[in-house]
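>>> Provided below for reference: sequence and predicted model.
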Amino acid sequence: MRSLLALVLLVPSIAAAQGLLQLEVRATQKDAPVSDLKQLDFSLKEAGKDKEIKSIEYVDSPTATKLYIALEAPATDFPRVQQAIERWVDDGLPAGMEVSMGGAPFTSDASLLKEYAAKGVSLPSETPDSGLPKLWGSGAEFQLQGEAALSRYIDLAARLQAVPGRKAVLLFRPDLGTSRQGLDFRTTEQLAQDRENIDVDFTRTERTLNRLGAVALFSRTTFYPAYSSQTQGINQQGLAQIAEATGGKPLLGTNDPVLAFKMVLEDSRDYYVLGFQPTLTGKGNPRSIKLDVGRKGVRLRYAKNYLDVEGLGEVPAAAVSALDADGEPELTPAVQYHVFRGVDGKPLMIFTAGADLQQLEAEEAGKGFETALTLAGGFADGDGGWSVQKQKTVKQVFAKKPFQKAQKDGGVLVETSAMIRPTPGEQSWKMVLRDDQSGKIGVDEKRFLVPDFSLPLDTSSMVVTRRAVAIEGAEPEDWGDLLDYGESRFIPEASNVFQSGDTVLFTYRLYNPPAALLNGEPQVQVALLKDEVQLDSFDWQGSAQVVEGADGKKEIQYMGAVRTKGLGPGNYLILSAVPGRDDARQPYIEGAFRLEK
């Protein structure tokens, strides 16, 4: 029988703490953990330059783990792995562990896991979709080499980022070629099979390995190959390289897959977490990490790269991980939330977040200064964590004089808007805003009651803003034309603070209106309160139009403008009547703003 390699991918704790990137480090001497190292014992270089280590922690007890088991091997190797899984499950899953078999949903149900293992070389067709790749099979498509194999693992590591908590991936695979010389060990038939499935290109292997290691660190993943010493004729070079790049280690000289499971548990404890401030420029390249220790005979395992991007395609890991982090925020974000019915009839939420330029750091860019803000938002996942729903970065360049004035006087926001699709019902939401130049974090938490928009005379939120642009020539928005009225598009803002003399614009939609309202001429009826007292008069105008919404249903869109000239500073509330409501809901929709001099 061809000997089997087991490849374990253990996801380290990389939660952001005050904007720091936290690196998991295992220190050993003669294969035993070293637990008494101090912060000054370590020295770190990032892309060849010295970097200060700002925090250190030693983890000496096991951490709850979500384990993804993948099997990419010849069919002859499946029985041993199946038996190993059954024995391991029969012994009892460790406390807090949930398992995904080849991409099935994570579960701690032992009988279900044994059922999946017993299915053989393919998962049951009725296996629920988890959103993860399904790596469980024996065909040629599961034995790719070179770039194809590495790209598959980059994708796996990236998708696991959305799974909350600590994760591990156990990959059973007999070999992995990352060079033409490595493939020469394979038989002529196997080579032909590889070339038929994909043109194996090894010219970028080193760069791809660096990227895999960097994505793995950001998504909290480390690889551990385990294979038999009897398999001298099979290429294992790529597996060893993956282990080196990501901070794992090979498990040699065994043909027992149960030892791979033990490796997962052993590596869930006895490690250091070192925090340092990453240099994120958003250029999308891996940045190297080199760590040394000032004690003779001590060996270190750690990830060798991190990804210099706004995250896995969008956002720095520090911002995403901050969803689960505690600590005192250093930024005060401005955030506005608005819920509408989408064209598919389901709710969507537009949220706009920003921070005052006074709070941000910037880096010189040409003749000006560039800021970079990243937001990550998510809903509570029910397990005490947060499931990331949206990740986005905004960069803005300011001319030198306006930048210096804004930093001195304040009042200028760097902001961005994003859209998510919440589930109807009561939801807990957390949004993290990160200044990518300084690493400072700001947090906003809310509880929402998201409507399903099924009731008569349901309304969207009221968007209150000072900004509207011509639709012609404007960039398309994720939320389509929901904020378009006539030839103008309303632009949501992060702050509801206005200056005296500004014109306050507002818009909202009415869903499931009665035929009488649709067939007539809808009117806008508005009242304005200042510090909870209704004003007798104020300068405003408004209009309404019937539009086609979800599934061709008619909706009524309202808009208005309140001129604030002559209104004093204070807290204001726009109340717009919802005609015909006679149930327990309030008979109006409201939008708030604050007026300053």
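Thanks, I have the structure now.
>>> only C-alpha atoms for contact and neighbour calcs from this point on.
Will do.
>>> Secondary structure class of the residue located most distally from the centre of the chain, three-state.
Relative to the centre of the chain, and counting by CA atoms, centre = their mean, the farthest-placed residue is Asp536 at 48.7 Å. What DSSP: H, G, I helix; E, B strand; the rest coil gives for Asp536 is coil.
>>> Give me the distance between it and Leu529.
9 Å (CA to CA, to the nearest Å).
>>> And Leu251, how far from Ala372?
To Ala372, Leu251 is 42 Å away according to CA to CA.
>>> Among these two, which residue is more densely surrounded?
Between Leu251 and Ala372, counted using other CA atoms under 10 Å, the more crowded position is Ala372 (24 against 20).
>>> Going by contacts, tell me the helices and strands next to the strand or helix carrying that one.
Secondary structure from DSSP states H and E places Ala372 in strand 368-380. Contacts defined by 3 or more CA pairs under 8 Å, 6 or more residues apart in numbering; DSSP states H and E place strand 368-380 against helix 317-321, strand 363-365, strand 386-399, helix 400-409, strand 425-435.
>>> Quick one: closest of the ones you listed to Thr221.
Proximity to Thr221 (CA to CA) singles out helix 317-321 among the helices and strands packed on strand 368-380, at 12.4 Å.
>>> Check the average confidence over that closest one, would you?
The pLDDT scores in helix 317-321 average 49.
>>> helix or strand right after it?
Where DSSP H and E defines the elements, the next helix or strand beyond helix 317-321 is strand 334-341.
>>> by how many degrees do that following strand and strand 425-435 diverge?
140 degrees (axes from the mean of the first three to the mean of the last three CA atoms, to 10 degrees).
>>> re the thing from before, give the pairing partners of the strand holding Ala372; include direction for each.
If you go by DSSP bridges, strand 368-380 pairs up with strand 363-365 (antiparallel), strand 386-399 (antiparallel), strand 425-435 (antiparallel).
>>> Lys51: what's it in contact with?
Applying CA atoms under 8 Å, 6 or more residues apart in numbering to Lys51 gives the contacts 43-45, 276-277.
>>> From Glu596, how far out is Gly570?
Relative to Glu596, Gly570 is positioned 7 Å away (CA to CA).
>>> And for Gly542?
From Gly542 to Glu596 the distance is 24 Å (CA to CA).
>>> Strands along the stretch 201-350 of the chain, start to end?
Using DSSP state E, counting those that start in this stretch, the strands of the stretch 201-350 of the chain run over residues 222-227, 251-252, 271-276, 285-293, 299-301, 305-308, 334-341, 347-356.
>>> Nearest to Glu590 among those would be which one?
Glu590 lies closest to strand 334-341 among these, at 11.9 Å (CA to CA).
>>> The closest one - which strands sit beside it in the sheet, and in what orientation?
strand 347-356 (antiparallel).
>>> which strands and helices sit next to the strand or helix carrying Asp155?
Using DSSP H and E, the element containing Asp155 is helix 146-160. Secondary-structure packing of helix 146-160 (3+ CA pairs under 8 Å, 6+ apart): helix 205-218.
>>> Quick one: mean pLDDT over the strand or helix carrying Ile56.
Per DSSP H and E, Ile56 falls inside strand 53-59. Per-residue pLDDT over strand 53-59 has a mean of 88.
>>> residues of that strand that come out buried?
By neighbour count with 16 or more other CA atoms under 10 Å, strand 53-59 contains the buried residues 53, 56, 58.
>>> could you dump it to PDB, C-alpha only?
What follows is strand 53-59, C-alpha atoms only, in PDB (Å, rounded to 0.1, in the frame of the first residue of the first chain):
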ATOM      1  CA  ILE A  53       7.600  43.500  20.000                       C
ATOM      2  CA  LYS A  54       4.900  45.200  22.000                       C
ATOM      3  CA  SER A  55       3.200  42.400  23.800                       C
ATOM      4  CA  ILE A  56       3.900  38.800  24.800                       C
ATOM      5  CA  GLU A  57       1.600  36.000  26.300                       C
ATOM      6  CA  TYR A  58       2.200  32.300  27.000                       C
ATOM      7  CA  VAL A  59      -0.700  29.900  26.500                       C
END
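>>> Adjacent strands (with direction) for that strand?
Short version: by DSSP bridges, strand 53-59 pairs with strand 271-276 (antiparallel).
>>> so which strand or helix has Ser417?
Element membership for Ser417, per DSSP H and E: strand 413-420.
>>> I'd like the next helix or strand past the host helix or strand of Val464.
Using DSSP H and E, Val464 sits in strand 463-465. As assigned by DSSP H and E, the chain's next helix or strand after strand 463-465 is strand 467-470.
>>> neighbouring contacts of the next helix or strand after that next one?
Downstream of strand 467-470, the next assigned helix or strand under DSSP H and E is strand 484-485. Applying CA under 8 Å, 6+ apart, the contact partners of strand 484-485 are 471, 490, 557, 559.
>>> average pLDDT for strand 484-485?
Confidence for strand 484-485, expressed as mean pLDDT, is 93.
>>> What strands flank it, and is each parallel or antiparallel?
Applying DSSP bridges, one finds strand 484-485 paired with strand 488-491 (antiparallel).
>>> Format the CA atom coordinates belonging to the partner strand as PDB.
Extracted in PDB, the C-alpha atoms of strand 488-491 (Å, rounded to 0.1, in the frame of the first residue of the first chain):
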ATOM      1  CA  SER A 488     -30.600  62.700  -8.000                       C
ATOM      2  CA  ARG A 489     -28.900  60.100  -5.800                       C
ATOM      3  CA  PHE A 490     -28.900  60.600  -2.000                       C
ATOM      4  CA  ILE A 491     -25.600  59.700  -0.400                       C
END
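>>> and for stretch 402-410, what are the contacting residues?
Residues outside stretch 402-410 that contact it (CA under 8 Å, 6+ apart): 356-359, 368-369, 412.
>>> hmm, try it at 10 Å
Taking contacts as CA atoms under 10 Å, 6 or more residues apart in numbering, the residues outside stretch 402-410 that touch it are 356-362, 368-370, 397-398, 401, 412-413.
>>> need the helices and strands packed on strand 368-380 in TSV with distance to Ser268 and mean neighbour count, can you?
Converted to TSV, the helices and strands packed on strand 368-380 look like this (distance: least, CA to CA, whole Å; neighbours: other CA atoms under 10 Å):
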stretch	distance to Ser268	mean neighbour count
helix 317-321	19	31
strand 363-365	39	13
strand 386-399	21	18
helix 400-409	45	14
strand 425-435	27	21
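>>> Give the buried residues for stretch 23-41.
Within stretch 23-41, the residues that count as buried by 16+ other CA under 10 Å are 23-28, 33-34.
>>> right, I mislabeled it, should have said stretch 526-537
Quick answer for stretch 526-537 (16+ other CA under 10 Å): 526-530.
>>> Just the endpoints, please. Distance across that stretch?
End-to-end for stretch 526-537, by CA to CA: 11 Å.
>>> where are the low-confidence patches of the stretch 51-200 of the chain?
The stretch 51-200 of the chain contains residues with pLDDT under 70 at 120-121, 124-125, 139-144, 146-148, 179-200.
>>> which residues in it form helices?
78-90, 110-118, 146-160, 180-183, 188-197 (DSSP state H, counting those that start in this stretch).
>>> quick one on the thing from earlier: could you write out the alpha-carbon coordinates of the helix holding Asp155 in PDB?
Provided in PDB are the C-alpha atoms of helix 146-160 (Å, rounded to 0.1, in the frame of the first residue of the first chain):
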ATOM      1  CA  GLY A 146       2.400  22.700  -7.900                       C
ATOM      2  CA  GLU A 147       0.500  25.900  -8.300                       C
ATOM      3  CA  ALA A 148      -2.900  24.200  -8.500                       C
ATOM      4  CA  ALA A 149      -2.500  22.500  -5.200                       C
ATOM      5  CA  LEU A 150      -1.200  25.600  -3.400                       C
ATOM      6  CA  SER A 151      -4.000  27.700  -4.800                       C
ATOM      7  CA  ARG A 152      -6.600  25.300  -3.500                       C
ATOM      8  CA  TYR A 153      -5.100  25.600   0.000                       C
ATOM      9  CA  ILE A 154      -4.900  29.400  -0.200                       C
ATOM     10  CA  ASP A 155      -8.700  29.300  -1.000                       C
ATOM     11  CA  LEU A 156      -9.400  27.000   1.900                       C
ATOM     12  CA  ALA A 157      -7.400  29.200   4.300                       C
ATOM     13  CA  ALA A 158      -9.200  32.300   3.100                       C
ATOM     14  CA  ARG A 159     -12.700  30.800   3.500                       C
ATOM     15  CA  LEU A 160     -12.000  29.500   7.000                       C
END
